[in-house]
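[1] Sequence below, structure please.
(one chain, ligands or ions: 1)
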Amino acid sequence: MCGIVGYAGRGKCAAKCVYEGLLRLEYRGYDSAGISVLDGGKITTVKRSGRVCQLESAAGGMSGGIAIGHTRWATHGAPSDTNAHPHNYGAFSVVHNGIIENYAELKEELAEGGRLCISETDSEVIALLIDSLYSGDALAAVAAAAARLKGSFALAVLCRDFEGFIAVRHKSPVAIGECDGAFFAASDVPALPAEAENVYFLEDGDIAAVTYDGIAFYDFGLNAQRRESCRIPRGQFTADKGGYVHYMAKEIEEDARTIRDTAEAFLRSADADALGSLLTSSDEIIITGCGTAYNSGLIARRYFESALGRPVTVEIASELRYYPPPVGKNTLVIAISQSGETADTVEAVHKLREGGASVIAVTNCGYSAITRIAHAVVPVCAGAEICVAATKSYMGQLAALYLISRCTGDVRAAAKELTDVAEKIPSVISDDANADCFSDMCAESFAVFFLGRGADYDAAVEASLKLKEVSYIFSDAYPSGELKHGTLALVDESTLSVFIICQPETANKCLSAVHEVLCRGGRAAVLTSVPEAAEELGKYLPVWKLPKVSPRLAPFLSAAALQRVAYLTAVRLGRNPDKPRNLAKSVTVE
Ligand code: M6R
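    Predicted coordinates for the structure are as follows:
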């Protein structure tokens, strides 16, 4: 989604600081970028369609101690210079993350008063609205405007008559860090300078007036609020490629470390008894999330069902928020979200909680919206994940979910199983011969199908998402047994079928499906930890032998291998895997 930044510091380098913040925040959107600086009661703005780096020289020439900035993921209006933020009107300059649902009616009302929008965005109307409510008190105008906006919004606002900036939060995140006497606001903690260890997280309905001297917090009625800062350990959230060409490559290398750290943190601080009693006292468990988080839920379903001996459902959060099943006080929701800010997941959980359900959140971001709704939070210890495609966070989610599912049994033994699997990951992701062979085959394909049975099918769903989002090759996942019920019609020499065969009890059935593909002229490749399958299929096609682990934990290894394949395929095709077209990290709008 879009990212916003604000800065107030006594030097004259606010634009440069905001520019650097935008570079760190660019994973939230990269359709356009812009900066406004306030200096001596005058606002200067630069904004352009395209990447943040285009602002470098302009930002270097902008002097002033107060600035705001924006990096855009377009929702209303194409990526263009005019639609880029900041949007200026009268005395104000505004950047916005979120969606203004009543923008059309506000636009009409403001036009009647002679205030006309020039962009196609839903955001510009905010600047016009604030200006229309202004009679010398910037804070009062922003508060009055915030109270009239519907939808989701994080704002940073400059006013030529106010020596500072004003930040607002309603269903879109804002964090403000203190750093060497300056104040830095951003949509996400990784965009704050590494030195900003004391961080305030705005609550929904908060307004923060940020000046050189400090921060004053209010609600939309301008009643003063008290907010405590949190100390964020340095390094935990910093965005740094660490010598890798892409974040995606670095983050895949961090898969094993993430599993270990998540298991250690769980043993150190999770209340296994409390989690266990949430599991056993529930009549019904619903796992939810979006994208990769949902995919980790697919695998987790099997963990919970085997541990508890009863059915568990997994629902896509964007559906669940509008079509929730009947829930009550005996419903347990396990919500998974890397960012903890995904609007669909947060809303779904909110709705179920209002219906009486208990909530466990599994998240990589400890100060996120989802942690404020949950009854219990289980951390994923991936550290900052910058690549838009989720990799190490998926591994951490699987680890956390496996441990939660074992809370009614021997959690320490489960943690040991996870650290044993983690030890095997480096040899899988450094297997360049197989990774190169598979990615060559993918790169030459018109479409790639990922197939498996049981937990291998669940892993195939994530492998397919990973490949399509970073390489733009059409891809889908099916249970191997479904091939003959329709998808086989698509199989020819232009398609590749990648089979994951790590469940010994159905390995033979998968062999038949491989032969169905081969005898119809399709191309195939196999990842397997079943020696008989490797021996048989190795005669006809490329086989990537994976280390043998417990079948239920096999997705950790097949996922790591196929993350690497997706990465290499994207690079071969000249895509930027860190910033796939049309996507953004942290989807904080519907
Ligand atoms: O932050 P979340 O885990 O809630 O994000 C959910 C999805 O938006 C995310 O997993 C998305 O599908 C990624 N692009 C997958 O790589």
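[2] If Leu451 is in a bridge, with which residues?
    For Leu451, the residues forming beta bridges with it (DSSP bridges) are Tyr478, Phe499.
[3] Dump the helix or strand that contains Lys466 to PDB, restricted to CA.
    Using DSSP states H and E, Lys466 sits in helix 455-471. Output in PDB follows, covering the C-alpha atoms of helix 455-471 (Å, rounded to 0.1, in the frame of the first residue of the first chain):
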ATOM      1  CA  ALA A 455       0.500 -31.200   3.000                       C
ATOM      2  CA  ASP A 456       2.400 -31.300  -0.300                       C
ATOM      3  CA  TYR A 457      -0.700 -29.800  -2.000                       C
ATOM      4  CA  ASP A 458      -0.800 -27.000   0.600                       C
ATOM      5  CA  ALA A 459       2.900 -26.300  -0.100                       C
ATOM      6  CA  ALA A 460       2.100 -26.300  -3.800                       C
ATOM      7  CA  VAL A 461      -0.500 -23.500  -3.300                       C
ATOM      8  CA  GLU A 462       2.200 -21.300  -1.800                       C
ATOM      9  CA  ALA A 463       4.800 -22.300  -4.400                       C
ATOM     10  CA  SER A 464       2.400 -21.300  -7.100                       C
ATOM     11  CA  LEU A 465       1.700 -17.900  -5.500                       C
ATOM     12  CA  LYS A 466       5.400 -17.300  -5.200                       C
ATOM     13  CA  LEU A 467       6.200 -18.100  -8.800                       C
ATOM     14  CA  LYS A 468       3.400 -16.100 -10.300                       C
ATOM     15  CA  GLU A 469       3.900 -13.000  -8.200                       C
ATOM     16  CA  VAL A 470       7.600 -12.500  -8.900                       C
ATOM     17  CA  SER A 471       7.900 -14.000 -12.500                       C
END
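[4] Now it: buried residues?
    When burial is assessed from 16 or more other C-beta atoms under 10 Å, helix 455-471 yields the following buried residues: 455-471. All C-beta atoms are positioned from the backbone trio N, CA, C, and that covers glycine.
[5] restrict those to those near the ligand?
    Subset of the buried residues of helix 455-471 in contact with the ligand: Leu465, Glu469, counting by C-beta under 6 Å from any ligand atom.
[6] contacting residues for Gln338?
    Shown here is Gln338, whose contacts under the criterion C-beta atoms under 8 Å, 6 or more residues apart in numbering are Thr292, Ala293, Thr363, Asn364, Cys365, Val380, Ala382, Glu385, Ala390, Ser393, Gln397.
[7] The ligand contacts on the chain?
    Within the chain, the residues that sit near the ligand (C-beta under 6 Å from any ligand atom) are 290-293, 337-339, 342, 345, 388-390, 465, 469, 583, 586-587.
[8] need the helices for the stretch 251-400 of the chain, in chain order.
    In order along the chain, the stretch 251-400 of the chain carries the following helices (DSSP state H, counting those that start in this stretch): 255-269, 272-281, 291-308, 317-320, 343-354, 369-373, 392-405.
[9] Nearest to Ala209, out of those?
    When these are ranked by proximity to Ala209, the top entry is helix 369-373, at 22.5 Å, counting by C-beta to C-beta.
[10] That closest one: how far from the chain's middle?
    Between the mean C-alpha location of helix 369-373 and the chain-wide mean there is a distance of 15 Å, by C-alpha atoms, centre = their mean, to the nearest Å.
[11] and the residue of this protein nearest the ligand?
    Of all residues in the chain, Gly291 sits closest to the ligand, at 1.9 Å by C-beta to the nearest ligand atom.
[12] Give me the neighbour count for that residue.
    24 (other C-beta atoms under 10 Å).
[13] repeat for the one 4 residues further on
    Neighbours of Asn295 under the rule other C-beta under 10 Å: 29.
[14] That one contacts Tyr457, doesn't it?
    No. With contact defined as C-beta atoms under 8 Å, Asn295 and Tyr457 do not form a contacting pair (10.9 Å).
[15] Pull up the pairing partners for the helix or strand of the chain with the lowest mean pLDDT, direction included.
    Here the helix or strand of the chain ranked lowest by mean pLDDT, DSSP states H and E is strand 230-231, holding a mean of 86. Strand 230-231 sits in its sheet next to strand 198-201 (antiparallel), going by DSSP bridges.
[16] Mind listing what's buried along the partner strand?
    Quick answer for strand 198-201 (16+ other C-beta under 10 Å): Val199, Tyr200, Phe201.
[17] now it: how far from the chain's centre is it?
    For strand 198-201, the distance to the chain centre is 20 Å (C-alpha atoms, centre = their mean).
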